[in-house]
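> Need coordinates for the below:
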Amino acid sequence: MSNTKAQKLTVVRTPSQPLRLEPGEVVHVGVDVHKGSYSVSLYSEGREVLTTWVQPARPEVLVERLLAVWQGVARVVYEAGPTGFGLARRLRAEGYAAQVVAPSKLLTPVGPEAKSDRLDCRRLAQLSAKGLLHPVRVPTEQEEADRQVLRLREQLVRKTRSVQSQIKALLLQHGIAEPETIKTA
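Numbering: from 1, shown residues only. Model prediction:
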């Protein structure tokens, strides 16, 4: 096997194995975030070596795992999703440049491709290294809470209107006159 080919192989590590970088080496970290687990990939453009592991979905575990290479971490990126922005806030509090990217803004390869958590986190790390990601703004905890309240209110208004329409339809179907107390939203 040639030396170049050996350098492009993916190295899958267990969380117990220490991470090491060459002096001055810079890595980009891609994280595929799920409710129960994080798939994490480190990409170093110089060596083109990928290190990938899966860990529990706890930000403190990721922070602890990256501690060995924190000086060389250029950026940590993950896709926005239902898990929110807690990971980005925690990483930023620890001094990492963390970005959240919109899945709709990611470059998609042409043609069929394999899809897995390991490949997704690797692709995020590579796109980060090439500067091809467009991050979204991470809201403060207060802004995120305010958004949730507004979304919940909008959902409840829509449900109320829907139920009112169902009641009116039922009354009409049975030939019952609409009471004056029913307001149209």
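> Kindly export stretch 23-37 (C-alpha atoms) in PDB.
The C-alpha trace of stretch 23-37 is given here as PDB (Å, rounded to 0.1, in the frame of the first residue of the first chain):
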ATOM      1  CA  PRO A  23       2.900  20.200  16.100                       C
ATOM      2  CA  GLY A  24       1.100  23.000  14.400                       C
ATOM      3  CA  GLU A  25      -1.500  20.700  12.900                       C
ATOM      4  CA  VAL A  26      -5.100  22.100  12.500                       C
ATOM      5  CA  VAL A  27      -8.200  19.900  12.600                       C
ATOM      6  CA  HIS A  28     -11.800  20.500  11.800                       C
ATOM      7  CA  VAL A  29     -14.400  18.600  13.800                       C
ATOM      8  CA  GLY A  30     -17.700  17.400  12.300                       C
ATOM      9  CA  VAL A  31     -20.400  16.100  14.600                       C
ATOM     10  CA  ASP A  32     -23.500  14.300  13.500                       C
ATOM     11  CA  VAL A  33     -25.800  15.000  16.500                       C
ATOM     12  CA  HIS A  34     -28.600  12.600  17.500                       C
ATOM     13  CA  LYS A  35     -30.800  12.300  20.600                       C
ATOM     14  CA  GLY A  36     -28.800   9.300  21.900                       C
ATOM     15  CA  SER A  37     -25.300   9.600  20.300                       C
END
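> just the strands in this structure please.
Listed in chain order, the strands of the chain (DSSP state E) span 10-12, 27-33, 37-44, 49-56, 73-79, 98-101, 135-136.
> Out of those strands, which is the most enclosed?
strand 27-33 (a mean of 26; mean count of other CB atoms under 10 Å). C-betas here are computed from N, CA, C, even on glycine.
> Distance from the chain centre to that one, please.
10 Å (CA atoms, centre = their mean, to the nearest Å).
> Just checking: what are the partner strands of it?
strand 37-44 (antiparallel), strand 73-79 (parallel) (DSSP bridges).
> With adjacent residues omitted, what lies nearest to the most centrally placed residue in the chain?
Nearest residue to the geometric centre of the chain (CA atoms, centre = their mean): residue 79, 2.9 Å. Leaving out its chain neighbours, the residue that sits closest to residue 79 by CB to CB, 6 or more residues apart in numbering is residue 103, at 4.8 Å.
> now residue 44
Nearest one to residue 44, counting by CB to CB, 6+ apart, is residue 27 at 4.9 Å.
> Residue 117 reaches residue 33, doesn't it?
No: counting by CB atoms under 8 Å, residue 117 does not reach residue 33; the two are 9.5 Å apart.
> hmm, back to that, and the gap between the residue nearest to the centre of the chain and residue 98?
From residue 79 across to residue 98, the span is 13 Å (CB to CB, to the nearest Å).
> Which of the strands of the chain has the lowest mean pLDDT?
When these are compared by mean pLDDT, strand 10-12 comes last with a mean of 45.
> need the longest helix for this protein.
Determined from DSSP state H, the single longest helix within the chain is helix 141-173.
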